[in-house]
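Peer 1: Structure for the following, please:
(3 chains)
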Amino acid sequence: MVNLTWEVLNVIGTMAFAISGAIVAMREEYDLLGVYVLSFVTAFGGGAVRNVLLGLPVSLLWEQQMLFIIVFVVVSLLMVLPQLIIKPWNRWGHFFDAIGLSAFAIQGAMLASQAGHSLAAVIVAATLTGTGGGIIRDVLVGRKPLVFRDEIYALWAALAGFIVGMGWVIPPWTTYFLFVIVVVLRMVSVFYKWRL
Amino acid sequence: MVNLTWEVLNVIGTMAFAISGAIVAMREEYDLLGVYVLSFVTAFGGGAVRNVLLGLPVSLLWEQQMLFIIVFVVVSLLMVLPQLIIKPWNRWGHFFDAIGLSAFAIQGAMLASQAGHSLAAVIVAATLTGTGGGIIRDVLVGRKPLVFRDEIYALWAALAGFIVGMGWVIPPWTTYFLFVIVVVLRMVSVFYKWRL
Amino acid sequence: MVNLTWEVLNVIGTMAFAISGAIVAMREEYDLLGVYVLSFVTAFGGGAVRNVLLGLPVSLLWEQQMLFIIVFVVVSLLMVLPQLIIKPWNRWGHFFDAIGLSAFAIQGAMLASQAGHSLAAVIVAATLTGTGGGIIRDVLVGRKPLVFRDEIYALWAALAGFIVGMGWVIPPWTTYFLFVIVVVLRMVSVFYKWRL
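Peer 2: Residues are numbered from 1 along each chain as shown, chains lettered A, B, ... in the order given. Predicted coordinates for the structure are as follows:
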């Protein structure tokens, strides 16, 4: 079940980062190619950072043929309905970013935890793998990374790391529950402007 | 012949990215050291990204003694004739960047293809490895990466990936031919401002 | 003794980059979480770049439980005395950055040298590993990287690489001596605005 849970989180996180990259690119009025490139770089660049940090072979990324095609189709669909998307950007952009953050943070924590690393290491791994994709996306378009803005962001990735590191979740269902909780906490931070 | 073709493309791509880094650094009026650092970071940072993404050991970079010395000499030569270079920057800068893009994209495609990955994966690998060096260079100097500007850029790397992934090139000669075609297509895009 | 020397330099370099990240984040008026994130990303991101470039497993980073906790405590202490720190930022910020630069450059040179690489490769490895952490930090906050500013910076990392590559240092004591020399040379460059 662990492998399946990992795979499900991987698909969800990759898709979500791809969509958040596409939304940012459309917002910045990039051309067609720019939207595809930022989507793929955010999604698979985030995955590359995760794999490098966790010691997984980066070349695993290339075996996800289905995922490439799904990302391509979804980004293409997004572009034919931009007027619907761009308006409520702040909500949707933050929402998909939150999904990617949560999925990749839990993956980072699961792998670091299985490898027998210390609790502190699991928390740091969760934070860095969760925030990596979004940092790449924001640096590439010259925006201040979300992780350094005011509303609570990295804390939720660290919290996911703490909970996984303590062994409080058992795949699959409590893991998915944690995934949803982290997304909700992040979105509540955005709506109510929770700060530290 | 494959290994030799790979090596030739590696030398060409590394040199070209080094020169494009030097031209950008001179354009931004960096001091002597800044020019060397941006050249080396663009050239070998691009190579590091390529190796990480393709699963090659990054430490292979350090075995290229001859290449370090050649890059050093060429960049030094460039700096004694800056008045000739800086004027027509837009053309020369784009030209060397196009060479690096083409060489690294074909390398990424060749390796992903030999590893038996799917066509979609070969195209993504070609695009990310081709554009990596230029993205690092532009982010470091705070410019909008070429890949997100208006003229067609990433599409040519993806095209190289498609052609290699379909098995339509046989090293060495058709590979070199594809390399030249991609450079020409990119430069034509720059001159005629082809957009999507 | 080599392993112990490596470990000592690793702790010093990681701590110093963490502090320099925290100082920059406080200077930019990041919130609590932002300060922690930039500290950890600068410190362990710099370590990740070093490990990737040198071919070491990045997952080694996660075994440094003690270091995570020390960094966390030191950054927390820094934040309760910000008024003391922020004033003389230019000096302290440059000082901790110089320590990180020196420690990571010598590590890069030691490892490349032990692996039997050429002198040119040792110099390049020292320069890229030494400057990596600082470049990540500066890019993330949108500042021009120190390595491209006017006072001599990368040259001292390259010098450390040259001296280690020539086999002129024997761990531990001459290595520590070289470490101090590089820090001093960098700080003298800052104070007297040495340029090239």
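
Peer 1: rest of the way, CA atoms for contacts and neighbours
Peer 2: Noted.

Peer 1: Could I get the full set of helices for chain A?
Peer 2: A:2-27, A:32-54, A:65-80, A:82-86, A:89-114, A:119-140, A:154-165, A:173-192 (DSSP state H).

Peer 1: Please compute how far the second one lies from its chain's middle.
Peer 2: Read it as helix A:32-54. For helix A:32-54, the distance from its own C-alpha centre to the chain's C-alpha centre is 10 Å (CA atoms, centre = their mean, to the nearest Å).

Peer 1: Okay, angle between it and helix B:154-165 too, please.
Peer 2: Going by axes from the mean of the first three to the mean of the last three CA atoms, to 10 degrees, helix A:32-54 is angled at 70 degrees with respect to helix B:154-165.

Peer 1: ok, helix A:32-54 near chain B or not?
Peer 2: Yes. Counting by CA under 8 Å from any CA of the partner chain, chain B has neighbours in helix A:32-54: A:32-34, A:37, A:41, A:48.

Peer 1: thinking again about what came up before, tell me which of the helices of chain A lies nearest to B:Val164.
Peer 2: Proximity to B:Val164 (CA to CA) singles out helix A:65-80 among these, at 16.6 Å.

Peer 1: Now do the closest one: distance to the chain's middle.
Peer 2: Distance of helix A:65-80 from its chain centroid, counting by CA atoms, centre = their mean, is 17 Å.

Peer 1: And stretch A:97-117, by the same measure?
Peer 2: With CA atoms, centre = their mean, you get 10 Å for stretch A:97-117.

Peer 1: which residues does the closest residue to A:Met110 other than its chain neighbours contact?
Peer 2: Nearest residue to A:Met110, sequence neighbours excluded (CA to CA, 6 or more residues apart in numbering or on different chains): A:Val164, at 6.5 Å. By CA atoms under 8 Å, 6 or more residues apart in numbering or on different chains, the residues touching A:Val164 are A:106, A:109-110, A:113, A:122.

Peer 1: go again using 10 Å as the cut-off
Peer 2: Going by CA atoms under 10 Å, 6 or more residues apart in numbering or on different chains, A:Val164 touches A:105-114, A:119, A:122-123, A:126, A:158, A:170, A:175, A:178.

Peer 1: cool, and A:Tyr36?
Peer 2: With contact set as CA under 10 Å, 6+ apart, A:Tyr36 has these partners: A:18-19, A:21-22, A:25, A:30, A:42, A:71-72, A:75-76, A:79, B:154-155.

Peer 1: Quick check: nearest residue in space to A:Gly100, chain neighbours excluded?
Peer 2: Sequence neighbours aside, A:Gly13 is the residue nearest to A:Gly100 in space, at 4.1 Å (criterion: CA to CA, 6+ apart).

Peer 1: What is the neighbour count of A:Asp31?
Peer 2: A:Asp31 has 17 neighbouring residues, counting by other CA atoms under 10 Å in any protein chain shown.

Peer 1: That one against B:Ala154, yeah?
Peer 2: No. A:Asp31 sits out of contact with B:Ala154 when judged by CA atoms under 10 Å, with a separation of 11.4 Å.

Peer 1: what touches both of those two?
Peer 2: Common neighbours of A:Asp31 and B:Ala154, counting by CA under 10 Å, 6+ apart, are B:Phe148.

Peer 1: of the contacts of A:Val164, buried ones?
Peer 2: Among the contacts of A:Val164, those classed as buried by 16 or more other CA atoms under 10 Å in any protein chain shown are A:105-113, A:119, A:122-123, A:126, A:158, A:175, A:178.

Peer 1: residues in contact with A:Cys195?
Peer 2: Cys isn't right for residue A:195; it's Arg. By CA under 10 Å, 6+ apart, the contact set of A:Arg195 is A:149-153, A:189, C:31-33.

Peer 1: how much space between it and C:Leu33?
Peer 2: 9 Å (CA to CA, to the nearest Å).

Peer 1: Now for the two: what residues contact both?
Peer 2: A:149-153.

Peer 1: one step back: mean pLDDT for the helices of chain A: which is lowest?
Peer 2: Note on those: helix A:82-86 shows the lowest mean pLDDT, a mean of 62.

Peer 1: Next up, the contacts around the most centrally placed residue in chain A.
Peer 2: Nearest to the mean C-alpha position of chain A, by CA atoms, centre = their mean, lies A:Gly100 at 2.0 Å. Applying CA under 10 Å, 6+ apart, we find A:Gly100 in contact with A:9-20, A:43, A:46, A:94, A:106, A:130-134, A:179, A:183.

Peer 1: picking up where we left off before, buried ones among the contacts of A:Arg195?
Peer 2: Buried among those by 16+ other CA under 10 Å: A:150-153, A:189, C:31-33.
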